[in-house]
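> Predicted model follows, preceded by the sequence.
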Amino acid sequence: MIKKRELKINIQTIFLAVLVFCGLLTIYLPSISTPIGELYPYRILLPSYFVFLVFFLKRKLKGRHAQFTILCFLSLVLYGLISAIWAVSPMAVLQSVMNYAMSLLLIATICIVCKNKPKMEKLVVILWVALVFLAFLGIVESSVNRFLVFTGDRPEWNLTFFGTIRPLLFFHNENDYTLLLMLFLPLFIAYASKRGFVARTCAFLTTILFVFVNILTTARTTFILIPLYFYLWLFFTKKIRLFLVLTLIIVIVGAIFAGDIISYLGLGYGNADNNARVAIWLNGLRSFRQTHGFGVGAGNSSIPIPGVEYIGVMSVPHFWFLEVLIEFGVVIFTIIMLWYLVTIYRLVKIKNKDPYRVAFVITMILMPMWSMLPGSIAPTPFVWFFFAMATAYTNILIQQRQVGLFQVFVLANVSTKIVEPNTCIGISKK
């Protein structure tokens, strides 16, 4: 006979797995059209899951970092609603606020569920299975030379090195697809690093699979993020000699091929207005200058302001921090930057050899780079899954080590290694 507690745990795990798959497959699943956007199953399931946790299981959001994060993003949502007063498109404001409200709810939900490391690892395994499945679908799509989901027009040059189509699945941009795979890969490696031969072999094969899919997409993620992941891993795992050697190599190669590298990144020399991405940034800043620091309004960064002269096309900035500044203004931008820096600070300040800590630190440090890959991360659920997991993990470590924002409480008179219940992280006297 199944006990009541076991039944609750099983239902919770099923809910979490369904939530992950619905979040990853959002735009592929049937939806109901509403004035403020499409009502996908993910947008129904997430609030339902939150209600299930809070009212049925009586769970509460605990931990200073989780509460700090919720307050930061709650301020963004509330300010976004207020910005409808002066925004060119109030409807775009409501659509954007809906995306951020769902993201806020996701962070709260994951922090409630992942209250310790083993529970967070359940989510890591669920994501691992889901992303391996999506990676194989990408290979199938490229092999049969036909899009399985995407129905838009793609130019003839959009081919792989093998002459077949670049896999896209349900994305409109190959950068979104590659970011989905590479964002969570360090967590899969971290999971396997403390386990046996089978888990490590799976992590190795997963790495090869994801890199191969990235090569098929010909996106820049493979050629930029993977070397940077390895480079920062050497630093945070104290492989100082290799780190210094690699630094020297990077400096030499960078000096020799500086022009080619800048051109490859899309930041070529000459008049910046002639460069598409930089022109988009400048157009956004032109709009921002008209708002006296208050921002153009949530979701309005791609909407021209009457009377302002722009260069080329208007688009979302393709850089999330800049997008927040342009849309929400100086105050909210400062709050979000504070959340970002505090999260990194707290992860770095906790001195342990847990591979998850290193994985989260590296990925968060590289966020300014990978946040430029999708058009906007606001409506992209898988990015917010990562933010939620980073918040939950930081919360776990703070509760275990009692690490504050500006000080570390040192446990005195500890002569033996102590391992807290339901955790895999020990505290030892130094």
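Structure's in. What do you need?
> Can you show me the helices along the stretch 101-250 of the chain?
117-144, 174-193, 197-217, 221-236, 240-256 (DSSP state H, counting those that start in this stretch).
> Which among those helices is found nearest to Lys351?
helix 221-236 (10.9 Å; C-beta to C-beta). The way it works is simple: take the backbone N, C-alpha and C, and place the C-beta from them, glycine included.
> Same question for the closest one: list its buried residues.
Thr221, Thr222, Ile224, Leu225, Ile226, Tyr229, Tyr231, Leu232, Trp233, Leu234, Phe235, Phe236 (16 or more other C-beta atoms under 10 Å).
> tell me the average confidence for stretch 397-410?
For stretch 397-410, mean pLDDT is 56.
> cool, stretch 100-119 as well?
Mean predicted lDDT for stretch 100-119 stands at 91.
> Output the helices of the stretch 101-250 of the chain as JSON lines; include the columns distance to Pro374.
Output for the helices of the stretch 101-250 of the chain, formatted as JSON lines (distance: least, C-beta to C-beta, whole Å):
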{"stretch": "helix 117-144", "distance to Pro374": "16"}
{"stretch": "helix 174-193", "distance to Pro374": "5"}
{"stretch": "helix 197-217", "distance to Pro374": "13"}
{"stretch": "helix 221-236", "distance to Pro374": "11"}
{"stretch": "helix 240-256", "distance to Pro374": "26"}
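> So which of the ones you listed is nearest Ala392?
Short answer: helix 117-144, nearest of these by C-beta to C-beta, at 6.0 Å.
> of the buried residues of helix 221-236, closest to Val361?
The closest of those to Val361 turns out to be Phe236 (C-beta to C-beta; 6.0 Å).
> quick one on the thing from earlier: quick check: which of the buried residues of helix 221-236 has the minimum pLDDT.
Lowest confidence among those: Thr221, with 60.
> List the residues that contact Leu16.
Tyr49, Val113, Lys122, Leu123, Ile126 (C-beta atoms under 8 Å, 6 or more residues apart in numbering).
> Mind picking the two most distant members of these?
Tyr49 and Lys122 (14.3 Å).
> between these two, which one's more packed in?
Tyr49 (20 against 16; other C-beta atoms under 10 Å).
> Can you tell me what sits against stretch 110-129?
Applying C-beta under 8 Å, 6+ apart, the contact partners of stretch 110-129 are 12-13, 16-17, 20, 50, 53-54, 59-63, 66, 69-70, 184, 187-188, 191, 206, 356, 385, 388-389, 391-393, 395-396, 422-425.
> go again using 6 Å as the cut-off
17, 20, 53, 59, 61, 66, 184, 187-188, 191, 388, 391-392, 395-396, 422-424 (C-beta atoms under 6 Å, 6 or more residues apart in numbering).
> Take these and keep only those in helices.
In helices, judged by DSSP state H, the following of those are found: Ala17, Val20, Ala66, Phe184, Leu187, Phe188, Tyr191, Ala388, Thr391, Ala392, Asn395, Ile396.
> what would those residues look like in TSV with distance to Ser143 and neighbour count?
Shown next, in TSV, are the ones in helices among the contacts of stretch 110-129 (distance: C-beta to C-beta, whole Å; neighbours: other C-beta atoms under 10 Å):
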residue	distance to Ser143	neighbour count
Ala17	28	17
Val20	26	20
Ala66	43	25
Phe184	24	23
Leu187	28	24
Phe188	24	22
Tyr191	29	22
Ala388	34	25
Thr391	38	26
Ala392	37	26
Asn395	42	26
Ile396	41	24
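> Deepest-packed of the helices of the stretch 101-250 of the chain, please.
Mean neighbour count, computed with mean count of other C-beta atoms under 10 Å, is highest for helix 174-193 among those, reaching a mean of 23.
> Who are the packing partners of that one?
helix 117-144, helix 197-217, helix 221-236, helix 355-365 (3 or more C-beta pairs under 6 Å, 6 or more residues apart in numbering; DSSP states H and E).
> tell me the SS of Lys351?
In three-state terms, and counting by DSSP: H, G, I helix; E, B strand; the rest coil, Lys351 is coil.
> Let me see the backbone angles for it.
phi -90, psi 90 (degrees, to the nearest 10).
> So what's the residue count around it?
Neighbours of Lys351 (other C-beta under 10 Å): 10.
> what's the burial count for the residue nearest to Phe50 when sequence neighbours are not counted?
Of all residues not flanking Phe50 in the chain, Thr109 sits nearest, at 5.0 Å (C-beta to C-beta, 6 or more residues apart in numbering). When neighbours are counted by other C-beta under 10 Å, Thr109 registers 25.
> Now do Thr109 against Ile326, distance only.
29 Å (C-beta to C-beta, to the nearest Å).
> same thing with Lys115?
36 Å.
> centroid residue for the protein?
Taking C-alpha atoms, centre = their mean, the centroid of the chain lies closest to Val383, which sits 3.0 Å from it.
> list the contacts for that residue?
Ile377.
> and it, what pLDDT?
In this model, Val383 carries a pLDDT of 91.
> if we can go back for a sec, quick one: the helices and strands packed on helix 174-193 as JSON lines, columns for distance to Thr343 too.
Listed next are these as JSON lines, based on distance: least, C-beta to C-beta, whole Å:
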{"stretch": "helix 117-144", "distance to Thr343": "15"}
{"stretch": "helix 197-217", "distance to Thr343": "25"}
{"stretch": "helix 221-236", "distance to Thr343": "15"}
{"stretch": "helix 355-365", "distance to Thr343": "6"}
